[in-house]
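Colleague: Give me a model of this one.
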Amino acid sequence: MLQRSSETFVHPSAEISPRATIGAGVKIWNQVQIREGAVVGDRTILGKGVYVDAGVRVGANCKIQNGSYIYQGVTLEDGVFIGPRVCFTNDLIPRAINERGDLKGADEWVMGVTRVCYGASIGAGVVILSGVTVGRFAMVGAGAVVTRDVPDHGLVVGVPARLIGYVCQCGKTLRPAAEGWRCSECASSFSHDDLRKIALA
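Modeller: Residues are numbered from 1 along each chain as shown. Model (predicted):
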């Protein structure tokens, strides 16, 4: 079901299942595929060649850049940024065949569940393994391989991704301060104990 508005755009080459739910004001560019049962929230933008698998949940106001693959079991909350060529996996023990050598069927694998929380950003070329949670306003550096949970506001880089600091909701790096962590750009401050709760400066 496609909710059209004056701001809705769907490229003619996009393939959208009639059993997908597409919010108002979305922009779906060329060669996008959206499978059955997927939900895409209002005003979200999907760039060229994006694949949204069956049952995937994408929130409102997300930006998903060209060539990203979002497989079954993934939820993107509102306001998430996905850079180009990001790949979400959904099977921690992938095999084409079972122990008998037969092609595995749909009931012979365990789908993992992955969540990217509100306002988080995933850089270009990132691979996210199944079963992780990327916290609110976290940032994953380009080319990283995420194998474990990322905390709220966490900044992770590398293979495998490791925590190297924290970022503000505006995207700038947080600096240590007497009261916890402080953003030099917008002056927001965060407690030492819980970066989920913003302590307004």
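
Colleague: Please report the confidence value the model assigns to the residue of the chain most remote from its centre.
Modeller: Computed with CA atoms, centre = their mean, the residue of the chain farthest from its C-alpha average is Arg100, at 35.8 Å. Note for Arg100: predicted pLDDT of 92.

Colleague: Distance-wise, check it relative to Asp91.
Modeller: Here Arg100 is placed at a distance of 19 Å from Asp91 (CB to CB, to the nearest Å). For glycine as for every other residue, the C-beta is placed from the backbone atoms N, C-alpha and C.

Colleague: cool, and Gly23?
Modeller: Taking CB to CB, one finds Gly23 at 29 Å from Asp91.

Colleague: What is the least confident helix or strand in this structure?
Modeller: strand 198-199 (a mean of 34; mean pLDDT, DSSP states H and E).

Colleague: Any regions of the protein where pLDDT drops low?
Modeller: 2-5, 192-201 (pLDDT under 70).

Colleague: Got the domain ranges for it?
Modeller: According to automatic domain parsing, the chain comprises the domains 1-167, 169-201.

Colleague: Would you mind finding the most buried of those domains?
Modeller: domain 1-167 (a mean of 18; mean count of other CB atoms under 10 Å).

Colleague: Could you check which helix or strand contains Leu155?
Modeller: Per DSSP states H and E: Leu155 is located in strand 154-157.

Colleague: Okay, now the sheet partners of that strand, with direction.
Modeller: strand 139-140 (parallel), strand 162-166 (antiparallel) (DSSP bridges).

Colleague: Just send those back as TSV, with distance to Ala178 too.
Modeller: Formatted as TSV, the strands paired with strand 154-157 follow (distance: least, CB to CB, whole Å):
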stretch	distance to Ala178
strand 139-140	24
strand 162-166	16
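
Colleague: ok, the spatially closest residue to Lys172 that is not a sequence neighbour - contacts?
Modeller: Spatially, and ignoring its direct neighbours in sequence, Lys172 is nearest to Glu185 (4.1 Å; CB to CB, 6 or more residues apart in numbering). Listed by CB atoms under 8 Å, 6 or more residues apart in numbering, the contact set of Glu185 reads 168, 170, 172.
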